[in-house]
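[1] A predicted structure for the sequence below; I have some questions about it.
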Amino acid sequence: MSFGDPNNPYGPPPQQPPAAPGYGYPQAPGVPPQGYGYPQQPGYPQQPGYPGYPGGNAMTQSMPGLLVTARVFLYLISAVQIIVGLIWLYIGAFVNDVSNKADDLGSSSDDSPFSSIGDGGHMAAGLIVFIGLIALGLAALSITLGVKFGRGGQGVRITTVVYGALGGVLGLIGLFAGMDSGLASATIFPLIWVVFAAVITAAPVVPSGTAWFNRPRY
């Protein structure tokens with residue numbers, strides 16, 4: 001009976017192939033672990049990350065710097081418009097009070113000149129109050145546009161461009177009028193207004209601003 005016979009029950013057992021390391025057993029030195037959940041070891045290439053997908057946790061895109069500047073300018077302009085609007089309302093109320101006094105003095109006589117002054121004063125007071133309400137309405141629009149920069153779309157973008165362009169035209173008119181007056185102080189405020197309007201108009205038009213308002217929203 002030969003020991004080389006594979007059917008010999010008294011012969012040595014056949015050689016088995018080396019078993020793969022089981023779950024939980026340490027890997028041999030120099031071999032990177034391949035199991036699920038093991039961290040990558042230094043010196044081995046890192047696995048590429050997966051791209052974002054709808055509904056996943058994507059990195060938040062930040063607002064371009066020029067749009068941030070335009071938003072700050074809108075808030076500053078709204079503050080000026082609120083102050084101006086309140087001043088006009090106060091002037092209108094004062095003119096209305098003076099007109100009421102003139103009406104009281106003119107009621108004693110039909111030929112009194114105070115009656116005509118009272119009528120003209122009421123008309124002027126109404127016009128002044130209307131201007132003040134317009135200023136407050138523009139202030140509300142400035143604040144709304146600034147707030148909507150974070151989530152607004154094409155409607156906010158187009159409204160901002162038109163609003164800034166109209167403000168720039170009014171600023172240029174005031175700038176030319178100040179230059180014609182010959183007073184350097186009369187050109188400072190219109191010049192600042194033109195600069196603000198130019199930034200507000202350009203911010204949504206440049207490529208970074210256009211990409212911001214066209215960005216996907218999940």
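    Looks like it arrived, so ask away.
[2] give me the neighbour count for G168.
    The tally of other residues near G168 (other CB atoms under 10 Å) stands at 20. For the C-beta atoms, the positions are set from N, CA and C on the backbone; glycine is no exception.
[3] ugh, wrong one, P190
    P190 is flanked by 19 other residues according to other CB under 10 Å.
[4] give me the pLDDT for it.
    The model reports P190 with a pLDDT of 89.
[5] so who does it touch?
    171-175, 177-178 (CB atoms under 8 Å, 6 or more residues apart in numbering).
[6] just the buried ones from those residues, in ChimeraX syntax?
    This is how ChimeraX selects the buried members of the contacts of P190, with burial counted by 16 or more other CB atoms under 10 Å:
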select :171,174,175,178
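[7] dump the contacts of P190 into a markdown table; add distance to V156 and pLDDT as well.
    As requested, the contacts of P190 are arranged in a markdown table below (distance: CB to CB, whole Å; pLDDT from 0 to 100):
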| residue | distance to V156 | pLDDT |
| --- | --- | --- |
| G171 | 22 | 91 |
| L172 | 25 | 93 |
| I173 | 26 | 93 |
| G174 | 27 | 90 |
| L175 | 28 | 90 |
| A177 | 32 | 88 |
| G178 | 32 | 85 |
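[8] any idea which of the contacts of P190 is closest to M63?
    Nearest to M63 out of those is G171 (CB to CB; 25.0 Å).
[9] fine by me, we can end here.
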